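Asker: Mind looking at a prediction? Sequence and model below.
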Amino acid sequence: MKIWSNIKRPFIFAAAFLFFISACDLNGSGQKNIILVTTTSTQDSGLLDVLIPLFEKNTGYFVKTIAVGSGQAMAMGQKGEADVMLVHSPEAEKKFVEEGYGVNRRLIMRNDFIIVGPADDSAKIKGVKSSAEALKKIAEACALFVSRGDYSGTHAKEKTLWKQAEINPDGQRWYQETGLGMGQTLNVVAEKKGYTLADRGTYLALKKTIPLEILVEGDAMLLNIYHVMEVNSKMWPKVNAAGARAFADFMVSKQAQEIIGKFGVDEFGSPLFFPNAGKKVEDLGK
Amino acid sequence: MDLILQGIIKAFHLIVSFDPEVISITWLSLKISGTATLISLFVGVSVGVAVALNDFFGKRLVISIINTGMGLPPVVVGLFVTIMIWRSGPFGFLEILYTPYAMIIAQAVIATPIVMGISLAAIQNLPPNLRLQILSLGASRLQMVWVLVKESRLPLLAAVMAGFGGVISEIGASIMVGGNIKGYTRVLTTATVMETGKGNFDLAIALAIILLLLAFTINFLLTQIQQRQQSR
Amino acid sequence: MKQSPLLSAENLVVKRGKVTVLNVDELKVFTGRTLALIGPNGAGKSTLLLTLAGLLPMVSGKIYFQSRQVSSFSDLVMLRRNAAVVFQEPLLLNMSVEKNVAVGLKFRNLSRAQIKNSVDEALAYFGIEQLAKRAAKTLSGGESKRVSLARAFAIKPKIILLDEAFNSLDPPTREAIIDDLQNILQKTKITAVLALHDREETLRLAHDVAVMSEGKIIQQGTTAQVFHQPINEYIANFVGTEVILEGVVKKSEAGLMEVAVSGHIIEAVGDFKTGQKVCCCLRPENITVSKTVPEKISARNVFKGKVLKAARQAYFYKLTLDCGFVISAYITIPSFDELNICEGDTLAVSFKATAVHVIKR
């Protein structure tokens, strides 16, 4: 009794401590973990919230999804800090594979980019067929264009378009960078009544809260193509190669592809992504 | 305006209906930040007391370092913890990046100097003769330390709450080392940012309200403690 | 005094920084006696007290407790466990009175029943049983002081060391606490060392006195010895110029007491109980001498005394007279001449009962 009263308090502390520790799931270690780096657009659209629990249930793996811009995703893959990547920056991805960092790059799905802007459309780009043409008009009108500026897939696409329009927007007064994810950037654009390049999925998800309209769409240049890639375990022995392969295989599986095709239909009337596993990039959008 | 109003109404609905997502995020936040605070309590109080009670060369320097640590920017902590524990880092073998453990470590690193600094000051503020008085009543060194710690329990409680308040409302380090993984490392702050990005303002507002309530509760209790101390 | 001292110190040197604050050649504290350390502020009383209690590191010197040198750490712990210090400030912990008093006992891992017993006893010593459940921070200064004393006595130390424990108390409270302390010291026969500031406290509480100055002990002896032969001006002032006579109350009635001093009866105002040991203090300027025994005089005390010494001071004579006890009287130079006083003369010595200041011993 006496001893108990002396150690009582430290004991309670220790007990509380153990409780907290044990309360944190222990499945956070070991070979059952997969680190998936992906773009903010897949996370913000909610698609992964549907796919990943299913994958985890099927295989027993635990997926740690880190949603970052495609640029950062590549950097993480390059250092072996990730196991598998779901990204949409085709040019950078090809380079990534050529340099030996990634293996087994496979097409998963596509949606498309759109140029959105305020309803009054001061740069008069509504209905313009070519995206490069539309950007030229925005530049000429000096209308505010908001860029992600975060080396994401969307940002990469946007830069390609500027190049095609033969305009260097860097440093222009009407050109601003947020450094934020797609959803937050759309919020900024809506607030500032500007233009931006967005992926359709995120736009649709946010449409109810932001007064922006689709002004340019359908250009072949605006295709948004998602690939899955496994990080090269020969280069980084710590990479969970089996888990990465399992996840990539799951993404191209019939089950996953069907879910992708149906995702968003209930809420938005049309799917947010189109499943394209097994197809060739050149055949898309035809 | 409509949006905000609707958001707030839906947010309250989410809270009072114990929406499972809101509850799980809140609970996870409490667990992670609570554990981090407990760790910082042990480390902070022991080191704080040890520094306060011993005279050694460079004591002032150590105290300055601790006081600087009280304002350690969370993102700096996040960055260093990330570098330490990523696969190619010195502690990569632990494989704890993007786990609650990593968040606990980062948050403990943020909270420890706060607890340490306050407990150091609390012990130093006790009457200088109190130590001798306790020793003269026959206390061993350990018993004396325990009595001193108990004697400064109010400031120590304040220290704990300041530390907890600091880490539960912190986002920079949490998102860097935790990764905002749903149901695993997604806490109030990271979820609020993400839900805002996704346009789910109702959920974001609900989470923000809970965070606000927690912050208010902590500050309210802190004020109570300070009042009680003053009336001493 | 042949017994070996309970606590003694030899060649103690304590420094604060580079300054020597204590340099004591020898000090002995005997079992059952109360030693007062007196001296001006900064004389090193507190330092000596804390060093004796084993609480301050010393540069050199030896401390013996129960004839055993305190050398190892376990000796030091032994000394600390047997010596209780009461500081100037009450230094109560932020908990109930009861728990405060129990603190030292808890350090010793005593059983709950033992702790309860000792706490109740200590509270009763200082008449504060009713405060047991109160929070220490709500107490008044006097109450706090009693609690801190009770806390020290509760551990039943072999020696108790009090550092100017009565400073900053208002006079009635101080008086009451000194009363209690005096009773307890007498009742428990506990050995005590007190750093004191006040003549009356010293007279009431101490058997022995050590006079300190600039970190050194400059005089040591029984209270009577030191008070009768002050070694320097500070002590002389501290002692005052009064005559101090030890005695016992023989009769006490209606505010008038008869005190037996060396076989004589002195009448004095006061209401101490019969049998109470006291000191009678008399100021030399209040004493009248005459050639013959005066008749019909209001003064209650009239004695015959032999002039031992007549010393010329600046404006008066100081007479030392033996009336069976030794007292001093001041008389002016004209009176001295008129009465034609010589050493060896026998004079009538008178003083009023109200001129006698009686202090409990």
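Answerer: Done, it's in.

Asker: is the host helix or strand of A:Val146 up against chain B anywhere?
Answerer: Under DSSP states H and E, the secondary-structure element containing A:Val146 is strand A:145-147. No. Using CB under 8 Å from any CB of the partner chain, no contact is recorded between strand A:145-147 and chain B, whose separation bottoms out at 14.4 Å. In short, each C-beta sits where N, CA and C put it, glycine included.

Asker: what's in contact with that strand?
Answerer: Under the criterion CB atoms under 8 Å, 6 or more residues apart in numbering or on different chains, residues A:135, A:138-139, A:155, A:158, A:169, A:174-178, A:185, A:188-189, A:192, A:194-197 lie in contact with strand A:145-147.

Asker: ok, now with 10 Å
Answerer: By CB atoms under 10 Å, 6 or more residues apart in numbering or on different chains, the list of residues contacting strand A:145-147 from outside reads A:115, A:117, A:123, A:135, A:138-139, A:154-155, A:158-159, A:162, A:169-170, A:172, A:174-180, A:185-186, A:188-192, A:194-198.

Asker: didn't A:Lys163 look like it was pressed against A:Asp170?
Answerer: No. Under the criterion of CB atoms under 10 Å, A:Lys163 makes no contact with A:Asp170, lying 11.7 Å away.

Asker: and C:Val307, helix, strand or coil?
Answerer: Following DSSP: H, G, I helix; E, B strand; the rest coil, C:Val307 is assigned to strand.

Asker: pLDDT value on A:Phe17, please?
Answerer: pLDDT recorded at A:Phe17 is 61.

Asker: what do you get for A:Leu223?
Answerer: Per-residue confidence at A:Leu223 stands at 90 (pLDDT).

Asker: returning to that earlier point: drop anything exposed from the contacts of strand A:145-147.
Answerer: Among the contacts of strand A:145-147, those classed as buried by neighbour count (16 or more other CB atoms under 10 Å in any protein chain shown) are A:115, A:117, A:123, A:135, A:138-139, A:154-155, A:158-159, A:162, A:169, A:174-176, A:178, A:180, A:185-186, A:188-190, A:194-198.

Asker: for the record, mean pLDDT for stretch B:32-45?
Answerer: If you average the pLDDT values across stretch B:32-45, you get 93.

Asker: cool, stretch C:296-309 as well?
Answerer: Taken as a whole, stretch C:296-309 has an average pLDDT of 89.

Asker: And stretch A:88-98, by the same measure?
Answerer: Taken as a whole, stretch A:88-98 has a mean pLDDT of 90.

Asker: In chain B, what residue spans correspond to helices?
Answerer: For chain B, helices defined by DSSP state H occupy the ranges B:2-16, B:20-53, B:59-69, B:74-85, B:100-125, B:128-136, B:141-151, B:153-168, B:172-178, B:188-198, B:201-230.

Asker: for the stretch 151-286 of chain A, same thing?
Answerer: All helices of the stretch 151-286 of chain A, identified by DSSP state H, counting those that start in this stretch, fall at A:153-164, A:182-192, A:200-206, A:241-252, A:254-262, A:265-268.

Asker: Kindly report the same for chain C.
Answerer: Secondary structure of chain C, counting by DSSP H: helices at C:45-52, C:73-82, C:97-107, C:112-125, C:141-154, C:171-188, C:199-205, C:223-228, C:233-239, C:333-339.

Asker: so which of these comes closest to chain A?
Answerer: Checking the helices of chain C against chain A by CB to the nearest CB gives helix C:112-125 as the closest, at 7.6 Å.

Asker: any idea of the angle that closest one forms with helix C:141-154?
Answerer: Going by axes from the mean of the first three to the mean of the last three CA atoms, to 10 degrees, helix C:112-125 is angled at 130 degrees with respect to helix C:141-154.

Asker: Give the other helices and strands that helix C:112-125 contacts.
Answerer: Counting contacts by 3 or more CB pairs under 10 Å, 6 or more residues apart in numbering or on different chains; DSSP states H and E, helix C:112-125 is packed against helix C:97-107, helix C:141-154, helix C:171-188.

Asker: can you do 6 Å?
Answerer: Secondary structure elements in contact with helix C:112-125, counted by 3 or more CB pairs under 6 Å, 6 or more residues apart in numbering or on different chains; DSSP states H and E, are helix C:97-107, helix C:141-154.

Asker: Reformat the ones you listed as CSV; add mean pLDDT.
Answerer: Written out in CSV, the entries for these read as follows (pLDDT from 0 to 100):
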stretch, mean pLDDT
helix C:97-107, 93
helix C:141-154, 93
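
Asker: on that earlier part again, of all the helices of chain C, which lies closest to B:Ala102?
Answerer: Minimum separation from B:Ala102 across these (CB to CB) falls at helix C:97-107, 42.1 Å.

Asker: Look up the closest residue to whichever residue of chain B sits closest to chain C, ignoring the ones flanking it.
Answerer: With CB to the nearest CB as the measure, B:Leu137 is the residue of chain B nearest to chain C, at 3.5 Å. Spatial nearest neighbour of B:Leu137, chain neighbours left out: C:Gly104 (3.5 Å); criterion: CB to CB, 6 or more residues apart in numbering or on different chains.

Asker: Contact partners for that neighbour?
Answerer: The neighbourhood of C:Gly104, defined by CB atoms under 6 Å, 6 or more residues apart in numbering or on different chains, consists of B:Leu137, B:Gly138, C:Ile155.

Asker: Just among those, which is most surrounded?
Answerer: Among those, B:Leu137 has the most neighbours (other CB atoms under 10 Å in any protein chain shown), with 26 neighbours.
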